[in-house]
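> dropping a prediction and its sequence here:
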Amino acid sequence: MHKLYFLVAILFPPSVLSGQEIAMSVSEIASFKEQVAVSSKSTTTIVSDFVQYKHMDFLANDIETSGKLAFKAPSLVKWEYTEPYQYSVIFKEDKLLINDGGTKSDVDIGSSKMFKKLNELIVDSVKGNMFDEDDFTISYTKTSKGNKATFKPRDKKIEGYISSFELFFNKKDGAVQEVKMIEPSTDFTRIVFSNRVLNSKVNDSVFNN
Amino acid sequence: MTRFLIISLLLIVCNSCALKTTEGLRAVEVTNAEVANPYFSNTDIDYVYKAKIEIYGKYVGGILIIKKVEEDSHRVVLTTEFGNKIFDFLYKGDSFTKNFVLEDLDKKIIVNTLQRDFKLLISERSKVEEQFATKGQQIYKSKSNNRFNFYFFDEKSVILKRIIQTSKRKEKVEIVFTSKRNDLAQKIRINHSNIKLKIDLNYFNKN
């Protein structure tokens, strides 16, 4: 029996078992928040590639889609999926402008409080500026993937759709590297950013449908 | 004269109440006890489709995932392109479980219609009640509660081309498959005759 414990201890040191997540100290949280605030303040545009993995427990493989993201301050966002299909959605004022492989439509989200909240979340999570304690209980940890902030919605209605958001930040520059949205069922969507270019010229016409 | 009018009127009425699905088909002897829909029958495959849905002039896009999870069970899930679930259905034998439906959609008439459409789409085996033939096609009729399902197979390739669900007199739903293989449908169109609902599915999974 002791031998078995020994073997387990060698094969799986505690840091691996806990996913190498260590809670941040109060001062670490403060400096991390400061880093993200500075980085998001100086960001006027973001252009990035992304890969999205939709995980559902009953599937053999995650569903993989990918494309490009464009952001322009203060709140223009375009998600453009290019593989394996063409689909784009632009968040603009109180509207979602959708182009689904040539079929264009728009959705008025002005009247929907929940959609507004979700839109804010998306804009803020792209910028990394998402530390609103009124809407979320937030916890901060250090992981092998970078600094991690976990957001649990306080709103019961939103909680019915998303049990938590996880944002992974680059330790060096405070940029968002990965977003994970976890459903109450524990199925999740993971979006991983790459080839991120900050503050390049992005024309407003990018955000027209 | 009056008699002639009545007879012709009766003829017209009767003609319009005959089911148009079987028009021009010739009834033949039943040779297959069962008819099989092969498109969602492999437990190893994640059937993942880009979905385009038109409902009463409104347009909704998404990803439709169908998975045979056990010998008698299928999961049918629609998500947005971002991966958020719109609905999540479980069919096990004859039972149906609504795991999740987005609040705005969670209305009896909508859920019942979707439930029935996807039941028709995934149902694997049904007992053949009648059999028909026409040029290049074999057609099998089966019964499902108070409705009838007609399965149209290409005679040569034995590829399932269409399923039409009818009441006694009227066509209700038509599913059209576009497929090069007899076990996987690349494109699927679900079209309703009595309500304005159209679903287009395009297979995109790599595996």
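It's in. The model shown is predicted, which means the values in this text are computed figures rather than measured ones.
> for stretch B:194-207, C-alpha coordinates in PDB please.
Taking C-alpha atoms only, stretch B:194-207 is exported to PDB below (Å, rounded to 0.1, in the frame of the first residue of the first chain):
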ATOM      1  CA  ASN B 194     -48.000  23.700 -43.400                       C
ATOM      2  CA  ILE B 195     -45.700  26.000 -41.400                       C
ATOM      3  CA  LYS B 196     -43.000  28.300 -42.500                       C
ATOM      4  CA  LEU B 197     -40.000  26.400 -41.300                       C
ATOM      5  CA  LYS B 198     -37.000  25.400 -43.300                       C
ATOM      6  CA  ILE B 199     -33.800  23.800 -42.000                       C
ATOM      7  CA  ASP B 200     -30.700  23.500 -44.200                       C
ATOM      8  CA  LEU B 201     -27.800  21.300 -43.000                       C
ATOM      9  CA  ASN B 202     -24.300  21.100 -44.400                       C
ATOM     10  CA  TYR B 203     -21.900  18.500 -43.100                       C
ATOM     11  CA  PHE B 204     -18.600  20.000 -42.200                       C
ATOM     12  CA  ASN B 205     -16.800  17.700 -39.700                       C
ATOM     13  CA  LYS B 206     -13.400  16.500 -40.800                       C
ATOM     14  CA  ASN B 207     -13.500  13.100 -39.200                       C
END
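> and for it, what's in contact with it?
A:60-61, A:63-64, A:84-85, B:45-57, B:64, B:113, B:117, B:170, B:172, B:184-192 (C-beta atoms under 8 Å, 6 or more residues apart in numbering or on different chains). (C-beta placed from N, C-alpha, C; glycine too.)
> swap the cut-off to 7 Å and go again
Here stretch B:194-207 makes contact (C-beta atoms under 7 Å, 6 or more residues apart in numbering or on different chains) with A:61, A:84-85, B:46, B:48-57, B:64, B:113, B:172, B:184-191.
> so which of the residues you listed belong to helices?
residue B:113 (DSSP state H).
> which among the contacts of stretch B:194-207 end up buried?
A:84-85, B:46, B:48-53, B:55, B:64, B:113, B:172, B:184-185, B:188, B:190 (16 or more other C-beta atoms under 10 Å in any protein chain shown).
> so what's the residue of chain A at minimum distance from chain B up against?
Residue nearest to chain B within chain A: residue A:189 (3.4 Å; C-beta to the nearest C-beta). For residue A:189, the contacting residues are A:52, A:54, A:181, B:82-83, by C-beta under 7 Å, 6+ apart.
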